[in-house]
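Undergrad: Need coordinates for the below:
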Amino acid sequence: MSEGARVWIVPDGFIPAESTGSQQSHEAICVLNTSAERARLSVSFYFEDRDPVKDVEVIVPPERTRHIRTDEIDGVEIPRGVPYAVRVESSVPVTVQVSRMDTTQPALSLMTAMAYPVER
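TA: Next comes the predicted model:
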């Protein structure tokens with residue numbers, strides 16, 4: 001049995017440009033695959049003033065979770081200090097959450113929210 005949806009939208013992406021202390025400001029797309037099949041993700045990033053970065057492939061093994069740091073995706077550079085949005089499409093239903101670690105101040109903050117599932 002697989003739970004979740006095949007398409008998820010994260011309209012508010014933003015990697016803070018500054019960091020303090022030992023932890024770097026970052027965002028992560030958190031994906032849970034409860035199915036018995038691997039999930040092939042196609043991740044696309046959209047910006048206000050530049051062309052999108054589309055169809056970045058990520059694999060999430062069966063019955064596993066994967067935390068995809070948007071500042072550490074091979075071959076993709078998501079700029080810091082620039083708003084962006086994310087679309088995640090999966091070969092099997094998955095659940096998607098986004099987390100932001102903001103260390104611009106000594107008292108760091110962590111924000112997390114569920115992505116928006118798109119019904120088809």
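Undergrad: can I assume Ala115 is in contact with Val88?
TA: Yes. Counting by CB atoms under 8 Å, Val88 is a contact partner of Ala115 at 7.0 Å. C-beta coordinates here come from the backbone N, C-alpha and C atoms, glycine included.
Undergrad: Can you name every helix or strand that the helix or strand of the chain with the lowest mean pLDDT contacts?
TA: Ranked by mean pLDDT, DSSP states H and E, the helix or strand of the chain with the weakest confidence is strand 109-114, at a mean of 72. For strand 109-114, the packing partners by 3 or more CB pairs under 8 Å, 6 or more residues apart in numbering; DSSP states H and E come out as strand 84-102.
Undergrad: Each with direction, which strands does the strand it packs on pair with?
TA: Strand pairing for strand 84-102, using DSSP bridges, gives strand 5-13 (antiparallel), strand 26-33 (antiparallel), strand 39-47 (antiparallel), strand 109-114 (antiparallel).
Undergrad: Give me whichever of those is most buried.
TA: Compared across the strands paired with strand 84-102, strand 26-33 shows the largest average neighbour count, a mean of 21 (mean count of other CB atoms under 10 Å).
Undergrad: Quick check: which ranges of this structure have low pLDDT?
TA: Scanning the chain for pLDDT under 70 picks out the ranges 1-2, 101-103, 107-108, 110, 120.
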